[in-house]
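Engineer: Predicted model and sequence follow; I will ask about them next.
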Amino acid sequence: MGSLVDKFPHSSNKSLPYQGNTKILLVNSDYESAMTLKEGLEEYGFKVHCFTNIFAAFQEIEKSKRVTHDMVLCDIQTSGTEYLVPVKQIRELSNAVKIFLMSSCEIGDILLRNAMIAGINEIIKKPISVLNLNIILQDYIDGIKNPLDSALRL
């Protein structure tokens, strides 16, 4: 089984247009994986704020009654549905925020349908490199209409 993200080369100026202003709320219960992913995304110019679970992230959002991030990226460890309630509440506060789930677990049809009903924009299968994750996120920044478009480019 691979790591959360592939090792990525360090280089300067990986930033693409608009990313310097793109704020990501990263939810990941594994601190080491979260910091690796955060570092990789920051190298592409994203501003990343981390939480250890979706409930803590939602409590922070609920305090201000608005979503201040452009994207929410949740790394889920199980194929359970406990994250769908706060995701739906985040979606109700903002139709503009892009919400992604990342999982190495098999996603069944029922879970997929419930995730889409809750307002998930895309489910990302792990392991994934930071480069490929960046491509998917960039497609949403660029305003793609069909989430499968980003998968076809990988």
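Structural biologist: Perfect, I can see it now.

Engineer: Every contact and neighbour count from this point should use C-alpha atoms.
Structural biologist: Fine.

Engineer: residue nearest the centroid of the chain?
Structural biologist: The residue at the geometric middle of the chain, judged as the C-alpha nearest the mean C-alpha position with C-alpha atoms, centre = their mean, is residue 73 (1.9 Å).

Engineer: Quick check: that residue is in a strand.
Structural biologist: Yes: under DSSP: H, G, I helix; E, B strand; the rest coil, residue 73 falls within a strand.

Engineer: surely it meets residue 34?
Structural biologist: No: using C-alpha atoms under 8 Å, residue 73 makes no contact with residue 34, being 10.6 Å away.

Engineer: re earlier: what confidence value was assigned to the residue nearest to the centre of the chain?
Structural biologist: Residue-level confidence at residue 73 comes out at 95, pLDDT.

Engineer: Does it have any beta-bridge partners, and if so which?
Structural biologist: Partner residues in beta bridges with residue 73: residue 26, residue 100, with DSSP bridges as the criterion.

Engineer: Quick check: nearest residue in space to residue 126, chain neighbours excluded?
Structural biologist: Counting by C-alpha to C-alpha, 6 or more residues apart in numbering, residue 126 lies nearest to residue 104, which is 4.7 Å off, once chain neighbours are set aside.

Engineer: hang on, the one you found packs against residue 77?
Structural biologist: Yes: in this structure residue 104 lies within contact range of residue 77 using C-alpha under 8 Å: 7.4 Å.

Engineer: Quick check: residue 143 is in a strand.
Structural biologist: No: residue assignment for residue 143, taken from three-state DSSP, gives coil, which places it outside any strand.

Engineer: what about the strands in the protein?
Structural biologist: If DSSP state E is used as the criterion, the strands of the chain fall at 23-28, 47-51, 71-76, 98-103, 122-125.

Engineer: packing partners for the fourth one?
Structural biologist: It refers to strand 98-103. When contacts are defined as 3 or more C-alpha pairs under 8 Å, 6 or more residues apart in numbering; DSSP states H and E, strand 98-103 sits against strand 71-76, strand 122-125.

Engineer: Can you pull out the low-pLDDT segments for the protein?
Structural biologist: In the predicted model of the chain, residues 1-20, 78-80, 144-154 satisfy pLDDT under 70.

Engineer: got the contact list for stretch 58-67?
Structural biologist: Contacts made with stretch 58-67 from outside it, assessed by C-alpha atoms under 8 Å, 6 or more residues apart in numbering, are listed as 68, 86, 89, 90, 93, 94, 97.
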